[in-house]
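Q: make a model of this:
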Amino acid sequence: AKNARNAIYEFQQLLQTTKADLVCIQEARLKCVSSRQRGTPMESELKEVEPILKNFRSHYEMIWSLADKRQAGTLMLIHRKLLSGQGKNDNDDLKQRASDNEKVLLNKNVAFSVSGAIGLLLKAYKLEDNQELKEMIQKHNNKTTPSSPFKKKKKQQTSMASFFKPKAQQSPSKSPLSCTKVCEHHPEGRIQFIRFADLDVLHTYVPNNGKDPDKFERRRIFDLEMQYFLITRKKIIEKASNAASERPILWVGDLNVARTYMDGTDYTRNPSTGTVKEFWTDPIKCPDAAVREPKGEVDPGTIGLPGFTPNERQRFEEILNKAKLKDVWRSLHPNGIKIESIPYLANSSGGTHEKNPWNRAEYTWRGRFARRDSNVIKARYQGKGQRIDYFLLSENALDQVEKCHILGYGEHMEGFFCGSDHCASLLVLKDET
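A: Predicted structure coming up:
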């Protein structure tokens with residue numbers, strides 16, 4: 001909320017410059033009304049960001065998925081021209097009916113959890129009774145741990161009153177396809193899925209890998225759920241006799257992983273041997289890369305700053321390969337891109353930044369400067385960058401991409417950061433898409 005208030009002008013300029021049809025925002029950090037109404041922010045919370053949202057309500061439909069606390073959460077702004085029933089008449093009654101039509105359309109085509117998205121697809125393709133899919137989902141449900149890794153464990157009650165208090169009846173076990181409740185939300189509001197006419201969009205805020213075994217497991221489960229969803233979606237579409245198997249999907253968001261060494265600044269590469277040394281995986285240069293595990297046992301796959309560990313990178317590559325997704329920005333810019341060639345940053349001082357390759361518009365996250373009142377001369381990661389936000393598109397749709405850019409650069413965080421330490425990224429598809 002504070003960042004939103006401080007960056008109203010910059011965010012307005014971003015939308016006016018890019019004329020975005022779909023805006024995906026991670027780490028919305030507003031509290032939801034209740035665990036049963038995660039799509040609705042608390043009124044007191046909404047008031048804090050109203051100054052920035054009020055300017056876009058007439059053009060965008062806002063889709064929220066939120067946590068109980070000010071953490072995580074996602075927001076999607078969908079331009080009304082993408083929705084059927086757009087009100088173009090001055091008649092208030094017609095406008096209201098158009099708005100109602102948009103809400104009905106969204107209710108049928110939006111989900112907020114893996115199970116909800118799968119349920120939505122099963123309904124869309126009328127495959128709720130397909131035996132093979134039922135068995136596949138049941139097999140996955142049997143493997144999945146019943147308790148959510150995103151919920152904190154409750155302390156055990158030890159008082160006599162609580163001991164003798166009647167226990168709540170347990171809900172009956174779910175059937176394989178009881179996941180078709182598309183209104184279910186991820187408990188931290190990290191997942192949004194929407195079906196447009198010719199494209200599916202998956203919007204996520206992937207949890208940070210953290211520094212302890214519990215966080216490692218939490219992240220591992222989330223990654224496996226994403227892989228399960230993408231593979232299941234593919235099978236559902238293949239099973240649908242009236243659907244084209246080529247229907248693409250776009251996965252967008254803060255995925256909290258740097259795919260290769262090129263996606264982090266300050267690495268060194270020996271030209272003769274090809275050996276690469278990464279700053280973000282070196283416990284000496286980057287103290288936060290050190291992992292402390294019980295009994296001094298260290299899993300090599302957990303070494304590195306969160307987002308740079310071998311385990312995270314391996315799972316990410318598995319997802320890309322099995323789901324047949326392409327990293328759009330890297331596919332278009334395998335060797336990076338000069339700031340001056342990005343039209344949305346035309347007024348930048350790109351020439352001075354080209355001298356330092358780490359200042360180029362090739363990283364979506366930047367380390368902040370130390371606070372002015374701090375005694376620290378330089379913040380730990382000041383001037384350093386990571387590319388951990390992505391557009392992942394079905395490989396058969398890569399030719400439909402017109403351009404893809406990262407709209408922020410430099411240690412002074414120039415461009416469109418809008419008050420965040422992540423800058424905006426832009427994907428433009430061709431008109432016929």
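Q: which helix or strand in this protein has the lowest average pLDDT?
A: Counting by mean pLDDT, DSSP states H and E, the weakest-scoring helix or strand in the chain turns out to be helix 160-164, with a mean of 41.
Q: after that one, which helix or strand is next?
A: The helix or strand immediately downstream of helix 160-164 is strand 191-195, counting by DSSP states H and E.
Q: give me the contacts around the helix or strand following that next one.
A: With elements assigned by DSSP H and E, the helix or strand that comes after strand 191-195 is strand 200-205. Identification of contacts with strand 200-205 by Cβ atoms under 8 Å, 6 or more residues apart in numbering yields 22, 24, 26-27, 72-74, 76, 117, 189-195, 226, 229-230, 233, 247-255. Every C-beta, even on glycine, is put in place using the N, C-alpha and C of the backbone.
Q: hey, where'd the helices end up in the chain?
A: Applying DSSP state H to the chain gives helices spanning 2-6, 8-18, 43-53, 92-109, 114-124, 131-143, 160-164, 213-239, 310-323, 328-332, 350-353.
Q: if we can go back for a sec, just the buried ones from the contacts of strand 200-205, in ChimeraX syntax?
A: Under the burial definition 16 or more other Cβ atoms under 10 Å, those of those that qualify are selected in ChimeraX by:
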select :22,24,26,27,72,73,74,76,117,189,190,191,192,193,194,195,226,229,230,233,247,248,249,250,251,252,253,254,255
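Q: where in the stretch 1-150 of the chain is pLDDT low?
A: In the prediction, the stretch 1-150 of the chain carries residues with pLDDT under 70 at positions 1-6, 84-106, 144-150.
Q: mind running it again at 50?
A: Filtered on pLDDT under 50, the stretch 1-150 of the chain yields the residue ranges 85-98, 146-148.
Q: tell me the contacts of the nearest residue to residue 427 once chain neighbours are set aside?
A: Closest residue to residue 427 apart from its sequence neighbours, by Cβ to Cβ, 6 or more residues apart in numbering: residue 391 at 4.6 Å. Taking Cβ under 8 Å, 6+ apart, we find residue 391 in contact with 250-252, 327-329, 404, 425, 427.
Q: swap the cut-off to 7 Å and go again
A: Residue 391 makes contact with 250, 252, 328-329, 404, 425, 427 under the criterion Cβ atoms under 7 Å, 6 or more residues apart in numbering.
Q: go through these and give me the one with the most neighbours.
A: residue 329 (26 neighbours; other Cβ atoms under 10 Å).
Q: nearest spatial neighbour of residue 270, chain-adjacent residues omitted?
A: residue 276 (7.8 Å).
Q: residues near the one you found, how many?
A: 13.
Q: again with residue 387
A: 23.
Q: any idea how far the nearest residue to it once chain neighbours are set aside is from residue 238?
A: With sequence-adjacent residues excluded and distances taken as Cβ to Cβ, 6+ apart, residue 387 is closest to residue 263, at 4.0 Å. Look at residue 263 and residue 238: by Cβ to Cβ, to the nearest Å, they are 32 Å apart.
Q: about what we covered before: distance of the residue nearest to residue 427 from residue 37?
A: 30 Å.
Q: do residue 138 as well
A: 30 Å.
Q: please apply the same query to residue 247.
A: 31 Å.
Q: so which of residue 263 and residue 238 has more stuff around it?
A: Each of residue 263 and residue 238 has its neighbours counted (other Cβ under 10 Å); residue 263 has more, 25 against 10.
Q: confidence score at the more buried one?
A: Here, the pLDDT recorded for residue 263 equals 97.
Q: from what I can see residue 368 touches residue 419, true?
A: No: counting by Cβ atoms under 7 Å, residue 419 is not a contact partner of residue 368; they are 11.1 Å apart.
Q: give me the common contacts of the two.
A: By Cβ under 7 Å, 6+ apart, no residue touches both residue 368 and residue 419.
Q: now stretch 312-328: how far from the chain's centre is it?
A: 15 Å (Cα atoms, centre = their mean, to the nearest Å).
Q: CA atoms only: put that stretch into PDB for me.
A: C-alpha atoms of stretch 312-328 as PDB (Å, rounded to 0.1, in the frame of the first residue of the first chain):
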ATOM      1  CA  GLU A 312      15.200 -24.900  -7.700                       C
ATOM      2  CA  ARG A 313      16.900 -24.600 -11.100                       C
ATOM      3  CA  GLN A 314      16.600 -28.300 -11.800                       C
ATOM      4  CA  ARG A 315      12.800 -28.300 -11.000                       C
ATOM      5  CA  PHE A 316      12.400 -25.200 -13.200                       C
ATOM      6  CA  GLU A 317      14.000 -26.900 -16.200                       C
ATOM      7  CA  GLU A 318      11.900 -30.000 -15.700                       C
ATOM      8  CA  ILE A 319       8.800 -27.900 -15.800                       C
ATOM      9  CA  LEU A 320       9.900 -26.100 -18.900                       C
ATOM     10  CA  ASN A 321      10.700 -29.400 -20.700                       C
ATOM     11  CA  LYS A 322       7.600 -31.400 -19.600                       C
ATOM     12  CA  ALA A 323       5.200 -28.500 -20.200                       C
ATOM     13  CA  LYS A 324       7.000 -27.500 -23.500                       C
ATOM     14  CA  LEU A 325       7.300 -23.900 -22.400                       C
ATOM     15  CA  LYS A 326       9.800 -21.300 -23.700                       C
ATOM     16  CA  ASP A 327      11.400 -18.500 -21.700                       C
ATOM     17  CA  VAL A 328      10.300 -15.600 -24.000                       C
END
